[in-house]
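Student: please find the sequence and the predicted model below.
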Amino acid sequence: MSKKILIIGASGDLAMSLSKLLLTETEHTIYYLSSKNIKFTEDESRFIQAHPLEVKNVKNFCFNILPDVIINCSGFSDVIQAEENRKLAWDLNVRVVENLVNISKILSSHLILISSDLVFDGLKGPYYDDTKPNPLNYYGKTKHTAENISISSLNKVTIIRTTPLYGHPFSEKNTFLDDYIYKLFRNYRVDVSDFLFTNPCYFDDLTITIMKIIDRELYGVFNTGGADWLSHYDFAVKVADIFGYNKKLIHKIKNPFKGAKMPLKAGLITLKTETNLSFRFTSLENGLTACKFKFFDK
(Lines give C-alpha, C1' and ligand atoms only; values in the text may rest on other atoms or scores of the structure.)
Protein backbone atom coordinates (compact mmCIF):
# COMPACT_ATOMS: atom_id res chain seq x y z
CA MET A 1 0.00 0.00 0.00
CA SER A 2 1.31 3.41 -0.96
CA LYS A 3 2.09 5.73 1.96
CA LYS A 4 2.94 9.39 2.39
CA ILE A 5 6.36 9.53 4.00
CA LEU A 6 7.94 12.67 5.45
CA ILE A 7 11.71 12.70 5.91
CA ILE A 8 12.97 15.23 8.48
CA GLY A 9 16.54 16.40 7.86
CA ALA A 10 16.25 15.41 4.21
CA SER A 11 19.67 16.68 3.08
CA GLY A 12 21.69 14.29 5.25
CA ASP A 13 23.45 11.20 3.92
CA LEU A 14 21.02 8.73 5.48
CA ALA A 15 17.99 10.71 4.33
CA MET A 16 19.25 11.04 0.76
CA SER A 17 20.10 7.36 0.49
CA LEU A 18 16.79 6.34 2.05
CA SER A 19 14.84 8.61 -0.29
CA LYS A 20 16.59 7.09 -3.32
CA LEU A 21 15.81 3.56 -2.13
CA LEU A 22 12.15 4.31 -1.41
CA LEU A 23 11.65 6.01 -4.77
CA THR A 24 13.28 3.09 -6.58
CA GLU A 25 11.77 0.15 -4.69
CA THR A 26 8.34 1.37 -3.55
CA GLU A 27 5.34 3.41 -4.67
CA HIS A 28 5.38 5.64 -1.60
CA THR A 29 5.15 9.41 -1.99
CA ILE A 30 8.12 11.14 -0.34
CA TYR A 31 7.97 14.55 1.32
CA TYR A 32 11.04 16.47 2.43
CA LEU A 33 11.88 18.88 5.24
CA SER A 34 15.37 20.33 5.27
CA SER A 35 17.15 23.44 6.49
CA LYS A 36 19.00 23.46 3.14
CA ASN A 37 17.36 24.73 -0.03
CA ILE A 38 18.02 21.68 -2.20
CA LYS A 39 15.79 20.62 -5.08
CA PHE A 40 14.61 17.22 -3.86
CA THR A 41 11.61 17.03 -6.17
CA GLU A 42 9.95 18.84 -9.06
CA ASP A 43 6.77 19.00 -6.97
CA GLU A 44 7.33 22.03 -4.73
CA SER A 45 4.37 21.07 -2.55
CA ARG A 46 6.37 18.08 -1.27
CA PHE A 47 9.26 20.14 0.14
CA ILE A 48 9.67 22.80 2.80
CA GLN A 49 12.87 24.56 3.78
CA ALA A 50 12.74 24.70 7.55
CA HIS A 51 14.95 23.83 10.50
CA PRO A 52 13.62 20.92 12.60
CA LEU A 53 13.53 23.28 15.61
CA GLU A 54 11.15 25.68 13.81
CA VAL A 55 8.17 24.12 15.53
CA LYS A 56 5.45 26.17 13.84
CA ASN A 57 6.76 25.52 10.32
CA VAL A 58 7.20 21.81 10.97
CA LYS A 59 3.68 21.50 12.41
CA ASN A 60 2.05 23.46 9.59
CA PHE A 61 3.74 21.34 6.94
CA CYS A 62 2.78 18.09 8.68
CA PHE A 63 -0.85 19.17 9.19
CA ASN A 64 -1.01 20.16 5.54
CA ILE A 65 0.36 16.93 4.03
CA LEU A 66 -0.89 14.48 6.72
CA PRO A 67 1.99 11.98 6.50
CA ASP A 68 1.43 8.30 7.24
CA VAL A 69 5.07 7.97 8.29
CA ILE A 70 7.51 10.51 9.74
CA ILE A 71 11.20 9.58 9.72
CA ASN A 72 13.56 11.74 11.76
CA CYS A 73 16.97 11.72 10.07
CA SER A 74 18.05 14.97 11.73
CA GLY A 75 20.05 15.23 14.92
CA PHE A 76 23.32 16.06 16.66
CA SER A 77 25.73 13.19 16.06
CA ASP A 78 29.15 14.40 17.23
CA VAL A 79 29.80 12.60 20.53
CA ILE A 80 32.65 14.85 21.67
CA GLN A 81 30.94 18.10 20.68
CA ALA A 82 27.82 16.97 22.53
CA GLU A 83 29.81 17.20 25.77
CA GLU A 84 30.91 20.73 24.95
CA ASN A 85 27.64 22.05 23.51
CA ARG A 86 25.01 20.30 25.59
CA LYS A 87 22.17 22.72 24.89
CA LEU A 88 22.41 22.31 21.13
CA ALA A 89 22.72 18.53 21.45
CA TRP A 90 19.64 18.45 23.69
CA ASP A 91 17.65 20.73 21.39
CA LEU A 92 18.40 18.69 18.25
CA ASN A 93 18.16 15.22 19.79
CA VAL A 94 15.37 15.70 22.33
CA ARG A 95 13.31 18.84 21.67
CA VAL A 96 12.90 17.95 18.00
CA VAL A 97 11.67 14.49 18.97
CA GLU A 98 9.23 15.94 21.53
CA ASN A 99 7.68 18.03 18.78
CA LEU A 100 7.48 15.10 16.34
CA VAL A 101 5.90 12.93 19.03
CA ASN A 102 3.17 15.53 19.57
CA ILE A 103 2.53 15.78 15.82
CA SER A 104 2.50 12.00 15.37
CA LYS A 105 0.04 11.59 18.23
CA ILE A 106 -2.42 14.04 16.66
CA LEU A 107 -2.09 12.66 13.12
CA SER A 108 -1.70 9.00 14.14
CA SER A 109 1.47 8.89 12.05
CA HIS A 110 4.08 6.15 12.35
CA LEU A 111 7.16 7.86 13.85
CA ILE A 112 10.56 6.34 13.10
CA LEU A 113 13.62 7.50 15.08
CA ILE A 114 17.29 6.59 14.64
CA SER A 115 19.14 5.83 17.87
CA SER A 116 22.53 4.38 18.80
CA ASP A 117 24.38 1.65 20.66
CA LEU A 118 25.79 4.50 22.77
CA VAL A 119 22.66 4.34 24.93
CA PHE A 120 24.48 1.45 26.68
CA ASP A 121 27.40 1.52 29.13
CA GLY A 122 29.55 -1.04 27.32
CA LEU A 123 30.05 -3.36 30.28
CA LYS A 124 28.38 -6.42 28.74
CA GLY A 125 27.97 -5.71 25.03
CA PRO A 126 26.81 -6.42 22.45
CA TYR A 127 23.24 -5.69 23.54
CA TYR A 128 19.76 -7.03 22.80
CA ASP A 129 16.84 -4.80 21.83
CA ASP A 130 15.21 -5.16 25.25
CA THR A 131 18.34 -4.55 27.37
CA LYS A 132 17.92 -1.59 29.73
CA PRO A 133 20.01 1.39 28.53
CA ASN A 134 22.57 3.09 30.75
CA PRO A 135 24.46 5.74 28.72
CA LEU A 136 27.91 6.97 29.71
CA ASN A 137 28.16 10.16 27.67
CA TYR A 138 25.86 13.11 27.02
CA TYR A 139 25.13 12.10 23.43
CA GLY A 140 23.94 8.71 24.65
CA LYS A 141 21.80 10.40 27.30
CA THR A 142 20.05 12.56 24.69
CA LYS A 143 19.31 9.49 22.56
CA HIS A 144 18.04 7.54 25.58
CA THR A 145 15.79 10.43 26.58
CA ALA A 146 14.36 10.67 23.06
CA GLU A 147 13.68 6.92 23.10
CA ASN A 148 11.83 7.17 26.42
CA ILE A 149 9.73 10.15 25.35
CA SER A 150 8.59 8.48 22.15
CA ILE A 151 7.98 4.97 23.49
CA SER A 152 6.03 6.23 26.52
CA SER A 153 3.84 8.50 24.39
CA LEU A 154 3.11 6.62 21.17
CA ASN A 155 1.91 3.20 20.07
CA LYS A 156 3.00 3.67 16.46
CA VAL A 157 6.70 4.35 17.00
CA THR A 158 9.83 2.51 15.92
CA ILE A 159 13.26 3.04 17.44
CA ILE A 160 16.01 1.83 15.12
CA ARG A 161 19.27 1.59 17.01
CA THR A 162 22.42 1.38 14.96
CA THR A 163 26.17 1.07 15.40
CA PRO A 164 28.83 3.23 13.67
CA LEU A 165 27.97 3.36 9.97
CA TYR A 166 30.29 2.79 7.04
CA GLY A 167 29.79 2.52 3.30
CA HIS A 168 28.52 5.91 2.12
CA PRO A 169 31.07 7.37 -0.34
CA PHE A 170 33.01 10.22 1.26
CA SER A 171 30.29 12.30 2.78
CA GLU A 172 30.21 15.81 4.18
CA LYS A 173 30.38 14.30 7.67
CA ASN A 174 33.18 11.80 7.29
CA THR A 175 32.71 8.39 8.87
CA PHE A 176 35.57 6.61 10.60
CA LEU A 177 35.99 4.48 7.44
CA ASP A 178 36.48 7.64 5.37
CA ASP A 179 39.10 8.81 7.86
CA TYR A 180 41.02 5.51 7.72
CA ILE A 181 40.99 5.43 3.91
CA TYR A 182 42.04 9.07 3.65
CA LYS A 183 45.04 8.55 5.93
CA LEU A 184 46.11 5.10 4.73
CA PHE A 185 45.89 6.11 1.06
CA ARG A 186 48.30 8.98 1.79
CA ASN A 187 50.56 6.84 4.00
CA TYR A 188 49.65 8.81 7.11
CA ARG A 189 49.76 7.31 10.60
CA VAL A 190 46.39 6.06 11.91
CA ASP A 191 45.80 5.97 15.69
CA VAL A 192 42.99 3.60 16.61
CA SER A 193 41.67 2.18 19.87
CA ASP A 194 41.96 -1.55 20.53
CA PHE A 195 39.84 -1.14 23.70
CA LEU A 196 36.56 -0.10 22.06
CA PHE A 197 34.40 -2.82 20.48
CA THR A 198 31.29 -2.67 18.30
CA ASN A 199 29.80 -4.25 15.17
CA PRO A 200 29.88 -1.55 12.45
CA CYS A 201 26.75 -1.35 10.28
CA TYR A 202 26.93 -1.29 6.48
CA PHE A 203 25.11 1.84 5.35
CA ASP A 204 22.78 0.11 2.85
CA ASP A 205 21.63 -2.36 5.53
CA LEU A 206 20.21 0.50 7.62
CA THR A 207 18.21 1.97 4.72
CA ILE A 208 16.83 -1.46 3.79
CA THR A 209 15.83 -2.04 7.42
CA ILE A 210 13.90 1.25 7.50
CA MET A 211 12.13 0.43 4.22
CA LYS A 212 11.09 -3.01 5.45
CA ILE A 213 9.86 -1.67 8.79
CA ILE A 214 7.68 0.88 6.98
CA ASP A 215 6.19 -1.74 4.67
CA ARG A 216 5.55 -4.24 7.48
CA GLU A 217 4.35 -1.58 9.92
CA LEU A 218 6.55 -2.83 12.75
CA TYR A 219 6.72 -0.92 16.03
CA GLY A 220 9.08 -1.08 19.00
CA VAL A 221 12.88 -1.26 19.21
CA PHE A 222 14.94 -2.85 16.45
CA ASN A 223 18.73 -3.21 16.40
CA THR A 224 20.87 -2.87 13.30
CA GLY A 225 24.57 -3.66 13.00
CA GLY A 226 27.11 -5.70 11.15
CA ALA A 227 27.70 -9.42 11.39
CA ASP A 228 31.18 -8.93 12.91
CA TRP A 229 31.90 -7.66 16.44
CA LEU A 230 35.46 -6.36 16.75
CA SER A 231 37.67 -3.56 18.05
CA HIS A 232 38.15 -0.29 16.20
CA TYR A 233 41.78 -1.35 15.68
CA ASP A 234 40.80 -4.65 14.07
CA PHE A 235 38.35 -2.77 11.86
CA ALA A 236 41.16 -0.50 10.62
CA VAL A 237 43.38 -3.52 9.96
CA LYS A 238 40.56 -5.12 7.96
CA VAL A 239 40.25 -1.92 5.91
CA ALA A 240 43.97 -2.08 5.12
CA ASP A 241 43.66 -5.75 4.10
CA ILE A 242 40.68 -5.19 1.78
CA PHE A 243 41.94 -1.95 0.23
CA GLY A 244 45.57 -3.05 0.00
CA TYR A 245 47.08 -0.44 2.32
CA ASN A 246 50.05 -0.64 4.67
CA LYS A 247 48.94 -2.10 8.03
CA LYS A 248 52.12 -0.86 9.70
CA LEU A 249 50.66 2.64 9.60
CA ILE A 250 47.98 1.57 12.10
CA HIS A 251 48.87 2.10 15.77
CA LYS A 252 46.98 1.08 18.92
CA ILE A 253 45.89 3.73 21.40
CA LYS A 254 43.50 3.56 24.36
CA ASN A 255 40.81 6.09 23.52
CA PRO A 256 40.79 8.66 20.68
CA PHE A 257 37.51 10.15 21.94
CA LYS A 258 39.06 12.53 24.45
CA GLY A 259 36.48 14.50 26.38
CA ALA A 260 33.73 11.86 26.23
CA LYS A 261 33.30 8.58 28.08
CA MET A 262 32.88 5.74 25.60
CA PRO A 263 31.46 2.24 26.23
CA LEU A 264 34.26 -0.32 25.93
CA LYS A 265 32.08 -3.16 24.70
CA ALA A 266 29.25 -1.64 22.71
CA GLY A 267 27.51 -3.13 19.69
CA LEU A 268 24.05 -4.55 19.04
CA ILE A 269 22.57 -8.04 18.66
CA THR A 270 20.37 -8.05 15.56
CA LEU A 271 18.56 -11.40 15.87
CA LYS A 272 15.10 -9.85 16.39
CA THR A 273 15.49 -7.56 13.38
CA GLU A 274 16.76 -10.32 11.11
CA THR A 275 13.93 -12.64 12.17
CA ASN A 276 11.16 -10.08 11.72
CA LEU A 277 12.47 -8.73 8.42
CA SER A 278 13.77 -11.99 6.89
CA PHE A 279 17.06 -10.19 6.39
CA ARG A 280 20.74 -10.85 7.11
CA PHE A 281 23.17 -8.08 7.93
CA THR A 282 26.29 -7.78 5.80
CA SER A 283 29.60 -9.25 6.95
CA LEU A 284 32.48 -6.81 7.33
CA GLU A 285 34.48 -8.42 4.54
CA ASN A 286 31.59 -8.23 2.09
CA GLY A 287 30.73 -4.69 3.16
CA LEU A 288 34.28 -3.39 2.78
CA THR A 289 34.66 -5.17 -0.55
CA ALA A 290 31.50 -3.45 -1.76
CA CYS A 291 32.90 -0.13 -0.50
CA LYS A 292 36.11 -0.65 -2.44
CA PHE A 293 34.12 -1.17 -5.62
CA LYS A 294 31.83 1.81 -4.98
CA PHE A 295 34.66 4.16 -4.04
CA PHE A 296 37.42 3.26 -6.48
CA ASP A 297 36.70 0.48 -8.98
CA LYS A 298 33.84 1.96 -10.96
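Tutor: Thanks, I have it.
Student: identify the residues contacting the nearest residue to Lys252 once chain neighbours are set aside.
Tutor: Distance criterion Cβ to Cβ, 6 or more residues apart in numbering; nearest residue to Lys252, sequence neighbours excluded, is Asp194 at 4.5 Å. Glycine gets a C-beta too; all of them are placed from N, C-alpha and C. Neighbouring residues of Asp194 by Cβ atoms under 8 Å, 6 or more residues apart in numbering: Ser231, His232, Tyr233, Asp234, Lys252, Ile253.
Student: ok, the residue nearest to the third one when sequence neighbours are not counted to Cys62 distance?
Tutor: Taking Cβ to Cβ, 6+ apart as the measure, Tyr233 lies nearest to Asp194, with 3.8 Å between them; neighbours along the chain are not counted. For Asp194, the distance to Cys62 under the criterion Cβ to Cβ, to the nearest Å works out to 46 Å.
Student: what's the answer for Gly225, then?
Tutor: On the measure of Cβ to Cβ, Gly225 and Cys62 end up 31 Å apart.
Student: what's the answer for Lys258, then?
Tutor: As defined by Cβ to Cβ, Lys258 lies at a distance of 40 Å from Cys62.
Student: of those two, who's got more company?
Tutor: A direct count of neighbours by other Cβ atoms under 10 Å for Lys258 and Cys62 places Cys62 higher, at 23 against 8.
Student: doesn't Ser115 make contact with Ala146?
Tutor: Yes - Ala146 lies in contact with Ser115 (Cβ atoms under 8 Å); the separation is 7.1 Å.
Student: looking at those two, which one has more neighbours?
Tutor: Legend: neighbour count by other Cβ under 10 Å for Ala146 and Ser115, higher for Ala146 (27 against 23).
Student: list the contacts of that one.
Tutor: Going by Cβ under 8 Å, 6+ apart, the list of residues near Ala146 reads Asn93, Val94, Val97, Leu113, Ser115.
Student: leaving out sequence neighbours, find the closest residue to it.
Tutor: Val97 is the one closest to Ala146 (Cβ to Cβ, 6+ apart), at 4.2 Å.
Student: let me see the contact set for the one you found.
Tutor: Val97 neighbours (Cβ under 8 Å, 6+ apart): Asn72, Leu113, Ala146, Ile149, Ser150.
Student: how about 10 Å then?
Tutor: 8, 52, 72, 74-75, 104, 111, 113, 142-143, 145-150, 153, 157 (Cβ atoms under 10 Å, 6 or more residues apart in numbering).
Student: next, it: secondary structure please.
Tutor: Here Val97 is recorded as helix under DSSP: H, G, I helix; E, B strand; the rest coil.
Student: what separation is there between it and Asn148?
Tutor: Relative to Asn148, Val97 is positioned 10 Å away (Cβ to Cβ).
Student: check Ile103 too.
Tutor: 18 Å.
Student: of these two, who's got more company?
Tutor: Legend: neighbour count by other Cβ under 10 Å for Ile103 and Asn148, higher for Ile103 (20 against 15).
Student: shouldn't the more buried one be within a strand?
Tutor: No - per three-state DSSP, Ile103 lies outside any strand segment and is helix.
Student: you'd agree it is up against Val55?
Tutor: Yes - here Ile103 reaches Val55: they are 9.4 Å apart, a contact under Cβ atoms under 10 Å.
Student: how close does the residue nearest to Ala146 sit to Thr289?
Tutor: In this view, Val97 and Thr289 are 36 Å apart by Cβ to Cβ.
Student: same question for Leu14.
Tutor: 22 Å.
Student: do Arg46 as well
Tutor: The value you get for Arg46 to Thr289, if Cβ to Cβ is used, is 37 Å.
Student: same question, Ser115
Tutor: Distance from Ser115 to Thr289, by Cβ to Cβ: 28 Å.
Student: ok now stretch 290-298, how far from the chain's centre?
Tutor: 22 Å (Cα atoms, centre = their mean, to the nearest Å).
Student: buried stuff in that stretch?
Tutor: For stretch 290-298, the buried set under the neighbour-count rule, 16 or more other Cβ atoms under 10 Å, comprises Ala290, Cys291.
Student: and that stretch, what's its mean pLDDT?
Tutor: In this model, stretch 290-298 carries a mean pLDDT of 75.
Student: how about residues contacting it?
Tutor: 166-170, 177-178, 181, 185, 202-204, 239, 242-244, 282, 289.
Student: what residues of stretch 59-69 count as buried?
Tutor: Buried, per 16+ other Cβ under 10 Å, within stretch 59-69: Phe61, Cys62, Ile65, Pro67, Asp68, Val69.
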